[in-house]
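J.: Need coordinates for the below:
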Amino acid sequence: MTRNIAVVGAGYWGKNLVRNFSQLGVLKTVCDAEPQTRQQILEDYPDVAVADDFRATLNDPDIEGVVIAAPAAQHFHLARAALNAGKHVFVEKPLSLTYNDGDALVRLAAEQGRALFVGHILNYHPAVIQMKAMINEGKIGRLQYIYSRRLSLGKIRREENILWSFAPHDISVVLGIVGEEPVYVDSVGNNFLHARIPDVTMTNLKFPSGIGAHIFVSWLNPFKEQRLVVVGSEGMLVFDDTLSVEEKLVLYPHTINWKDGAPVPVKADSQSIDLSAIWEEPLRAECRAFLSAMETGQPPLTSGEEGLRVLRILEISQHSLEEKEKAADQVKPPVEAPPSPSYFVHPSAVVDDGTSIGEGTKIWHFSHIMNGARIGEKCNIGQNVVVSPEVTVGSGVKIQNNVSVYEGVTLEDDVFCGPSMVFTNVYNPRSPISRMKEVRPTLVRKGASLGANCTVVCGNTVGRYAFVGAGAVVKKDVPDYAMVAGNPAKIKGWMCECGNRIDFHDSKGQCRECGKRYRLSKEKEEGTRRVSPVE
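T.: Reported below is the predicted structural model:
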């Protein structure tokens, strides 16, 4: 049965909806307030009725579905009126500008028994459909990380910021791929063209299964970039919508292997996934999906409920942006501005009073340096790092993401702490019993490297230039230059100051890369082996 569709708004994006519904043979009316737009529609589509009265359009009994492509601020009111008139509704993203309004539309659609469809077009893109199929088939193993970039120069809006304008598509796809609701959402942004409208935002999502996602959007980029990267344990998929059909989706069968307790990237030849056989204009597929939802009564992939899940993320992200703006507004400039610090602190990081931070040090997103901590020069403190009171960190230290350096830990110069590695400071903790007076000190000597996800149990020393493999558990002192791995960590070899293996023949050793010479000796009293450089 032929479906009669009215498109409300035929401007920047609405004209594409007009074209597709016309080509599908279901377009009856185009409603737009601009005389020039109506005149253009009359010239391009002589068989289509043109109107400027939205209420009159809704009163037409022949119209069964209304497609809303008006500015986002009008979505709720137009969609509500259309549903109350008994019409099926296709509303462009976002569903509305608040979660409560979106929820009201979902409830109203259910009461009226009408389809509520949200224009999250990427879900109907052949590349995204193929990508989801490959993920479900296990082509890239276990999902780990998703990264999206949607950048261009314009179209710059004032009724909504870049988050609400660009990010809904990517949030929708990420939620669809992961299949979970995030447990953590945070956004940071910058306003350049208007004091209160972000032009660039980065949204960080974390999911219960451990999957992470970042969504970067901007309308101040010199060129168009629409790229989605999905990383799994057995490979990676890259969707680049600016490339040809034959190149839009590429599989990179790269993996990370483990050798001697350390992660080693293994690269393989990329494989382009030719979409020619299944190619259909995404907007055409989206329009057909709306017609199918009207016909069958089955909830579409981008239903009102799906749009509501996206709205929840947008609203949390918006609140995060506003809280950071509010905090910035509350910072009153002193009468006499102090000299700029000689170190860098990201706006989302917190540095307590009473800390000491050396020149050239950088402290990144969401990290917290607590009162009494001392950090040397030219350190790099990654994202989500905590440095507790009375902790001493030497110069040239790198602390990667998600590391907590607790009281009792001392890091000498040039120490490397890998992502998510763990320090402890109490040997037998109990939640209801305070044992901070029983803190056991941990010392990490100059130049030592602690691999990702390793654990250093308190009360031990990691020697100079030692190397602790990823995932290892250190339960006793590690000698200078030793490479340890496993649980418990055991000596697997010896490492040069330059970070490469030392080859030993009897007691004499030499670095296989830089050529530095070493001596291996055995302590008579302790019965342990020691390595020292030969000067």
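J.: Can you give me the domain boundaries for this protein?
T.: Here the domain parsing of the chain from automatic domain parsing is 5-122+284-295, 123-280+315-323, 344-499.
J.: Tell me which of those sits nearest to residue 514.
T.: Residue 514 sits nearest to domain 344-499 of all the domains of the chain, at 4.6 Å, using C-beta to C-beta. Where you see a C-beta, it was placed from the backbone N, CA and C, and this is true even at glycine.
J.: From one end of the closest one to the other, what's the distance?
T.: 28 Å (C-alpha to C-alpha, to the nearest Å).
J.: thinking again about what came up before, could the domains of the chain be laid out in JSON lines, adding distance to residue 302?
T.: Shown next, in JSON lines, are these (distance: least, C-beta to C-beta, whole Å):
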{"stretch": "domain 5-122+284-295", "distance to residue 302": "4"}
{"stretch": "domain 123-280+315-323", "distance to residue 302": "5"}
{"stretch": "domain 344-499", "distance to residue 302": "31"}
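J.: Out of these, which is closest to residue 507?
T.: Going by C-beta to C-beta, the one of the domains of the chain nearest residue 507 is domain 344-499, 11.8 Å.
J.: average model confidence for the longest strand seen in the chain?
T.: Using DSSP state E to define each element, the chain has its longest strand at strand 220-232. Strand 220-232 shows a mean pLDDT of 93.
J.: could you point out which element follows that strand?
T.: strand 235-240 (DSSP states H and E).
J.: After the worst-scoring helix or strand of the chain on mean pLDDT, which helix or strand is next?
T.: Ranking every helix and strand in the chain by mean pLDDT, DSSP states H and E puts strand 255-259 at the bottom, with a mean of 83. Sequence-wise, the next helix or strand downstream of strand 255-259 (DSSP H and E) is strand 262-266.
J.: contact partners of the following helix or strand past that next one?
T.: Remark: after strand 262-266, the chain's next helix or strand is strand 271-273, criterion DSSP H and E. Applying C-beta atoms under 8 Å, 6 or more residues apart in numbering, the contact partners of strand 271-273 are 127, 130, 134, 246, 247, 249, 250, 251, 252, 253.
J.: For whichever strand or helix holds the second one, name the packing helices and strands.
T.: Assignment of secondary structure by DSSP H and E places residue 130 within helix 126-136. Here helix 126-136 is seen to pack against helix 162-178, strand 220-232, strand 235-240, strand 249-252, strand 271-273 when contacts are counted using 3 or more C-beta pairs under 8 Å, 6 or more residues apart in numbering; DSSP states H and E.
J.: which of these is buried the deepest?
T.: helix 162-178 (a mean of 24; mean count of other C-beta atoms under 10 Å).
J.: and that helix, what other elements does it pack with?
T.: Using 3+ C-beta pairs under 8 Å, 6+ apart: helix 162-178 touches helix 126-136, strand 143-153, strand 184-190, strand 200-206, strand 212-218, strand 220-232, helix 304-329.
J.: Now do the contacts for the spatially most central residue of the chain.
T.: What sits nearest the mean C-alpha location of the chain, by C-alpha atoms, centre = their mean, is residue 214, with 1.3 Å. Neighbour list for residue 214: 146, 147, 148, 202, 203, 204, 205 [criterion: C-beta under 8 Å, 6+ apart].
J.: Can you lay out the helices and strands packed on helix 126-136 as CSV showing distance to residue 501?
T.: Listed next are those as CSV, based on distance: least, C-beta to C-beta, whole Å:
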stretch, distance to residue 501
helix 162-178, 39
strand 220-232, 29
strand 235-240, 29
strand 249-252, 29
strand 271-273, 34
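J.: Can you list the strands that the longest strand of the chain pairs with?
T.: strand 143-153 (antiparallel), strand 235-240 (antiparallel) (DSSP bridges).
J.: what sits up against the first one?
T.: Applying C-beta under 8 Å, 6+ apart, the set of residues contacting strand 143-153 from outside is 135, 166-167, 169-170, 173-174, 177-178, 209-233.
J.: Then the last one?
T.: When contacts are taken as C-beta under 8 Å, 6+ apart, the neighbours of strand 235-240 outside the stretch itself are 127-128, 131, 134-135, 139-141, 226-230, 247-255.
J.: next one: stretch 449-456
T.: Residues contacting stretch 449-456 (C-beta under 8 Å, 6+ apart): 261-263, 400, 415-424, 442, 444, 462, 466-474, 489, 495, 499.
J.: In that stretch, which residues are buried?
T.: Residues 449, 450, 451, 452, 453, 454, 455, 456 are the ones in stretch 449-456 that count as buried (16 or more other C-beta atoms under 10 Å).
J.: Okay, and which of those map to strands?
T.: Per DSSP E, the buried residues of stretch 449-456 map to strands at 449, 450, 455, 456.
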